[in-house]
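A.B. asks: Make a model of this:
(one chain, ligands or ions: 1)
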Amino acid sequence: MTTTALATSPLKATDRCDSCGAQAYIRVVLNEGELLFCGHHGRRHEAKLRPIAVEWHDETDKLTPQPTPVTD
Ligand SMILES: [Zn+2]
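C.D. replies: Next comes the predicted model:
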């Protein structure tokens, strides 16, 4: 069992999901290369890809909607 010690660079706004073209929030590093996914497709492919991924970089926590401050 090896823990992820690779240097991960944050995903950029210009990184796009390989499946739908939305902004990517998940980067999957495989031996053959990288895949980028939005939160939706990252979840969809997770079961298949996670076991073979060298690295799983997930920034979907950034997608958490910020509570809108209510001003009276
Ligand atoms: Zn997508």
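A.B. asks: Find the residue closest to the residue most central in space within the chain in space, skipping its chain neighbours.
C.D. replies: Most central in the chain under C-alpha atoms, centre = their mean is Ile26, positioned 0.8 Å from the mean C-alpha point. Counting by C-beta to C-beta, 6 or more residues apart in numbering, Gly42 is the residue found nearest to Ile26 once chain neighbours are left out, at 3.3 Å. Where you see a C-beta, it was placed from the backbone N, CA and C, and this is true even at glycine.
A.B. asks: Return the distance of the residue nearest to the centre of the chain relative to His41.
C.D. replies: Note on Ile26: its distance to His41, by C-beta to C-beta, to the nearest Å, is 8 Å.
A.B. asks: Repeat that for Leu35.
C.D. replies: Distance of Leu35 to His41, computed by C-beta to C-beta: 9 Å.
A.B. asks: Give me the common contacts of the two.
C.D. replies: Taking C-beta atoms under 8 Å, 6 or more residues apart in numbering as the contact criterion, the common neighbours of Leu35 and His41 are Asp18.
A.B. asks: element containing Val29?
C.D. replies: Assigning secondary structure by DSSP states H and E places Val29 in strand 26-30.
A.B. asks: touching the ion at all, that strand?
C.D. replies: No. Interface with the ion: strand 26-30 contributes nothing (C-beta under 5 Å from the ion), its closest point being 9.2 Å away.
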